[in-house]
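Student: Have a look at this prediction, sequence included:
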Amino acid sequence: MTDSKYFTTTKKGIVCLIMGLALCFLCLSLLFSSCGGRDALFPDVVNCMQTDNLELKKLVYLYLMNYAKSQPDMAIMAVNTFVKDCEDPNPLIRALAVRTMGCIRVDKITEYLCEPLRKCLKDEDPYVRKTAAVCVAKLHDINAQLVEDQGFLDTLKDLISDSNPMVVANMVAALSEIAESHPSSNLLDLNPQSINKLLTLLTALNECTEWGQIFILDCLANYTPKDDREAQSICERVTPRLSHANSAVVLSAVKVLMKFMEMLSKDLDYYGTLLKKLAPPLVTLLSAEPELQYVALRNINLIVQKRPEILKHEMKVFFVKYNDPIYVKLEKLDIMIRLASQANIAQVLAELKEYATEVDVDFVRKAVRAIGRCAIKVEQSAERCVSTLLDLIQTKVNYVVQEAIVVIKDIFRKYPNKYESVIATLCENLDSLDEPEARAAMIWIVGEYAERIDNADELLESFLEGFHDESTQVQLQLLTGIVKLFLKKPTETQELVQQVLSLATQDSDNPDLRDRGYIYWRLLSTDPVAAKEVVLAEKPLISEETDLIEPTLLDELICYIGTLASVYHKPPSAFVEGGRGVVHKSLPPRTASSESAESPETAPAGAPPGEQPDVIPAQGDLLGDLLNLDLGPPVSGPPLTTSSVQMGAVDLLGGGLDSLMGDEPEGIGGTNFVAPPTAAVPASLGAPIGSGLSDLFDLTSGVGTLSGSYVAPKAVWLPAMKAKGLEILGTFTRQVGSISMDLQLTNKALQVMTDFAIQFNRNSFGLAPAAPLQVHAPLSPNQTVEISLPLSTVGSVMKMEPLNNLQVAVKNNIDVFYFSTLYPLHILFVEDGKMDRQMFLATWKDIPNENEAQFQIRDCPLNAEAASSKLQSSNIFTVAKRNVEGQDMLYQSLKLTNGIWVLAELRIQPGNPSCTVRLSLKCRAPEVSQHVYQAYETILKN
């Protein structure tokens, strides 16, 4: 038997085969030539959709996706076939049809897609359902309103209960895509109440494909657990993903764990276990190809800044290999510095010294700078680092010497008067310096330690010879260095300083150099003592880490681990353009258990939830918040809950103040007790207005009354010379229960000022702008504008020193300017501060005697009635009055905006020639007493 039987076939079969191949090649050629405008065969290609050949049908569908947009009228011919294919018995064809209809971005076809899509979302085959889920996202991108009107979003959400994990994963992917175009909508609506949805996602996580896992993990990262137990439970379910072969899955899992670890207490055993589990997968990522290594290193850089303890024992994996690309080397070097500690510094320094002998110049420079950063970060290693730098200087390699001098300058700034013995070695290499930064650093060292260098004037004079050829950085440093030298050795360097001032002011075109020269010249010629205090002032120590990412931004970037934002180290809003909004993410708030272990500013035990304690939090970073200006309108928050007065067991029949309780006309010893006359006003209102037009119209009915609180005259808060021409005068007022900051802005510059904004740092009483700073027109030169800025007391609280210190940042189109001012405490005295007489007596007794403070107010020639009236206008209310041995005694109460009550006893001696008033204050927060006394003195004397 021959093999011919295998090649025998019918004539009809051969013809069909040839026709099929011809059509395939025809469609393929049409597909690649579609950009050339060849549409004559479009109807014939559409007719080929009727074929049963699946491969040919795919080619035709692919042609339609690429060509239908340019021929929308002809593409409508394919609708009937699409609808028919959506009901085909073959699930592959049904899925292919609905996928293709979703990719054809033609409005006329979109209208016909709705019914087939609705059927496919409920198809019996999971492959069709998962394809339809993605199609909803594509349709939403074409016509969002149609998707919402047809109810596809609700149908899509219902797929979360689907039995197939791939359908669930595609549902999550589709909703995530839709949510990107609608950032404010919470489409998936994961919350602690929807526990079934959460369990479904966690179950699907174990069974779907790797990209499905990524979508689900990203969705979980947007969820905020209700407590630390739920956070731990989710972490336990996510942890197995750390061993996945796909690096994207690993980074998504790390992102979820990093977010939920915020809610776990460091005291938990599981917290330590989780730290150990996070290290191996991150280390494994570094064994991939260089491009993936770089992405992993950029993410690890963020993780190390947030939680360095994760990789503190893995220093060796970040040691540089000889064949690493330069971008990987530099990133590893940065992480090595962040992980450097007293335990591993010897190992790190040995590596860095080795790197400094490499052939790659850029890498060597970074390695030398890294040694300096180690000295600044780990104080115990500073001496060893300086020794290492001196060894490198002895190599006489030019660029190594110059980088070493730059970092030694920083070490001098960090540890003044400690390592100056190396200056002689540095001076020996003066002639080899040719880079501006190194020359500027050397000049700074010579000028700063001129008294210890015998030939300092000769060294600086050698730089002066080529002054005009130097860079601006060197010129500025040389000017300052010679002025320092002159202030330390005036008799020997008078000609030198005259020469440099002349070069800087008369022969230079650089405005910065010229202005600095004029400033020094004026200082030296008018007040040498002041010049010495300014130029030779003690300098602040440089920080340990100058390149750390700002904490708020770091928290946001942690939420974007595994994305482009984590590689750029920038939030998406900084590089994503287009109409789609960008959601600013943040780490979840800490639970009570985790805060108790880590936060120093937690509420005291036993405090009711939601109640603001009277204890003011400790002072932290004073200017941290000011540097991150939010120029939008301030977010209004709930009012502070005032603390109730704690009443103790009081003997109301005892002596002393007990007479306040009596209604008898005659007091002890024949003294008369008189309660001041008051109108019946609700407790929430202020003091009643007496006679006046307002009473005729009953303007006080139902609203707070206008109190005549004392207003200090405006003072200069920000002089023009410190704010590039912007002068700010201001004062504080309180009227009708509202606090205002009255500002006077004057433009003393030569350019128009616009785009004003203001922000306060955290302060003792939560003062914050209640509205944006409204400057309705540009502020022209020499123009002045008056503004009243309403304030609230619902801002962040932090104890300041002094207590009434307020730090302010004002921004305009020129720059951001900072100043601080002291606000009078009486603007915080609320209108419902009048205490009931019985409560006054009980509270006075309940407050410990050591909390009582005594003060004297001199030169106050007021009688009791005038003093009481004046104080009441500023919400200091007289509870009772009596006369004891010729002295008028006023018992008064006031309440601050944060609920702190202050009780006062004011003693006034009528006819006293010294006009001295004695004041006793009792308060549960005695630190406010001094400032309340100052308020009393200000009000009574003005």
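Tutor: Thanks, I have the structure now.
Student: Distance of the spatially most central residue of the chain relative to residue 224?
Tutor: Centroid check for the chain by Cα atoms, centre = their mean gives residue 552 as the closest residue, at 3.1 Å. Residue 552 sits 18 Å away from residue 224 when distances are taken as Cβ to Cβ, to the nearest Å. To be clear about C-beta, it is placed using only N, CA and C from the backbone, and glycine gets the same treatment.
Student: What ranges does the stretch 751-900 of the chain have for its strands?
Tutor: 757-760, 768-769, 784-792, 805-811, 816-822, 852-857, 877-884, 887-895 (DSSP state E, counting those that start in this stretch).
Student: In PDB, list the C-alpha atoms belonging to the helix or strand containing residue 427.
Tutor: Here residue 427 sits within helix 423-428, counting by DSSP states H and E. Taking C-alpha atoms only, helix 423-428 is exported to PDB below (Å, rounded to 0.1, in the frame of the first residue of the first chain):
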ATOM      1  CA  ILE A 423      42.400  71.400  58.100                       C
ATOM      2  CA  ALA A 424      46.100  71.400  57.600                       C
ATOM      3  CA  THR A 425      45.800  68.300  55.300                       C
ATOM      4  CA  LEU A 426      43.000  70.000  53.400                       C
ATOM      5  CA  CYS A 427      45.100  73.100  52.800                       C
ATOM      6  CA  GLU A 428      47.800  71.100  51.300                       C
END
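Student: Pull out the buried positions in that helix.
Tutor: Using 16 or more other Cβ atoms under 10 Å as the burial criterion, the residues of helix 423-428 that qualify are 423, 426, 427.
Student: Could you point out which residue ranges in the stretch 151-300 of the chain have low pLDDT?
Tutor: 182-197 (pLDDT under 70).
Student: in it, which spans are helices?
Tutor: 152-158, 165-181, 195-205, 210-221, 228-238, 247-260, 269-285, 290-306 (DSSP state H, counting those that start in this stretch).
Student: What are the contacting residues of the first one?
Tutor: I take that to be helix 152-158. 114, 117-118, 121-122, 133, 136, 139-140, 147, 171, 174-175, 178, 187-189 (Cβ atoms under 8 Å, 6 or more residues apart in numbering).
Student: cool, the second one as well?
Tutor: Contacts of helix 165-181 with the rest of the structure, by Cβ under 8 Å, 6+ apart, involve 126, 129-131, 133-134, 136-137, 140-141, 144, 153, 156-157, 159-160, 162, 185-188, 200-201, 203-209, 211-213, 215-216, 218-219, 580-581.
Student: Can you list the buried residues in stretch 766-774?
Tutor: Quick answer for stretch 766-774 (16+ other Cβ under 10 Å): 766, 767, 768, 769, 770, 773.
Student: sorry, that was for stretch 205-223
Tutor: Buried residues in stretch 205-223 (16+ other Cβ under 10 Å): 205, 208, 212-223.
Student: Make a markdown table out of those and add distance to residue 395.
Tutor: Shown next, in a markdown table, are the buried residues of stretch 205-223 (distance: Cβ to Cβ, whole Å):
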| residue | distance to residue 395 |
| --- | --- |
| 205 | 55 |
| 208 | 58 |
| 212 | 56 |
| 213 | 52 |
| 214 | 49 |
| 215 | 54 |
| 216 | 55 |
| 217 | 50 |
| 218 | 50 |
| 219 | 55 |
| 220 | 53 |
| 221 | 49 |
| 222 | 53 |
| 223 | 56 |
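Student: and which of those residues is nearest to residue 796?
Tutor: If you rank the buried residues of stretch 205-223 by distance to residue 796 using Cβ to Cβ, residue 222 comes first, at 25.4 Å.
Student: still on that earlier bit, indicate which one of the helices of the stretch 151-300 of the chain is closest to residue 886.
Tutor: Set against residue 886 and scored by Cβ to Cβ, the helices of the stretch 151-300 of the chain come closest in helix 228-238, at 65.4 Å.
Student: Which elements pack onto the closest one?
Tutor: Where contact means 3 or more Cβ pairs under 8 Å, 6 or more residues apart in numbering; DSSP states H and E, helix 228-238 is packed against helix 195-205, helix 210-221, helix 247-260, helix 269-285.
Student: Pick the most deeply packed of the ones you listed.
Tutor: Mean neighbour count (mean count of other Cβ atoms under 10 Å) peaks for helix 247-260 among those, with a mean of 24.
Student: could you give the angle of that one to helix 269-285?
Tutor: Interaxial angle, helix 247-260 versus helix 269-285 (axes from the mean of the first three to the mean of the last three Cα atoms, to 10 degrees): 150 degrees.
Student: What lies in contact with helix 247-260?
Tutor: Outside helix 247-260, the residues touching it (Cβ under 8 Å, 6+ apart) are 210-211, 213-214, 217-218, 220-221, 225, 231-232, 234-235, 238-239, 241-242, 244, 274, 278, 281-282, 284-285, 288, 292, 295-296, 299, 303, 306-307, 558-562, 587-588.
Student: Counting neighbours, which bits of stretch 813-828 end up buried?
Tutor: Buried-residue list, stretch 813-828, by 16+ other Cβ under 10 Å: 814, 817, 819, 820, 821, 823, 824, 825, 826, 827, 828.
Student: Please disregard the earlier target; I meant stretch 349-358.
Tutor: Quick answer for stretch 349-358 (16+ other Cβ under 10 Å): 349, 351, 352, 353, 355, 356.
Student: and if you look at stretch 885-893?
Tutor: Here stretch 885-893 shows 888, 889, 890, 891, 892, 893 as buried, counting by 16+ other Cβ under 10 Å.
Student: which pair in those residues spans the largest distance?
Tutor: 888 and 893 (17.3 Å).
Student: Pick out the most distant pair among the buried residues of stretch 813-828.
Tutor: Of all pairs drawn from these, the greatest distance, 34.7 Å, lies between 814 and 826 (Cβ to Cβ).
Student: and the gap between residue 915 and residue 712?
Tutor: Distance from residue 915 to residue 712, by Cβ to Cβ: 22 Å.
Student: repeat for residue 551
Tutor: Distance, residue 551 to residue 712, by Cβ to Cβ: 37 Å.
Student: what's the weakest-modelled helix or strand in the chain?
Tutor: helix 693-696 (a mean of 31; mean pLDDT, DSSP states H and E).
Student: so what strands line up beside the helix or strand that that helix is followed by?
Tutor: As assigned by DSSP H and E, the chain's next helix or strand after helix 693-696 is strand 715-718. According to DSSP bridges, strand 715-718 forms sheet pairs with strand 726-735 (antiparallel).
Student: quick one: buried residues of the helix or strand that the partner strand is followed by?
Tutor: Later in the chain than strand 726-735, the nearest helix or strand by DSSP H and E is strand 738-747. Counting neighbours by 16+ other Cβ under 10 Å, one finds that the buried residues in strand 738-747 are 739, 740, 741, 743, 744, 745, 746, 747.
Student: Need those residues in CSV (columns: distance to residue 929).
Tutor: Formatted as CSV, the buried residues of strand 738-747 follow (distance: Cβ to Cβ, whole Å):
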residue, distance to residue 929
739, 21
740, 26
741, 25
743, 30
744, 32
745, 35
746, 37
747, 41
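Student: So what pairs up with residue 732 in the strands?
Tutor: In this entry, residue 732 is beta-bridged to residue 741, by DSSP bridges.
Student: Just give the number of residues close to it.
Tutor: For residue 732, the neighbour count with other Cβ atoms under 10 Å is 21.
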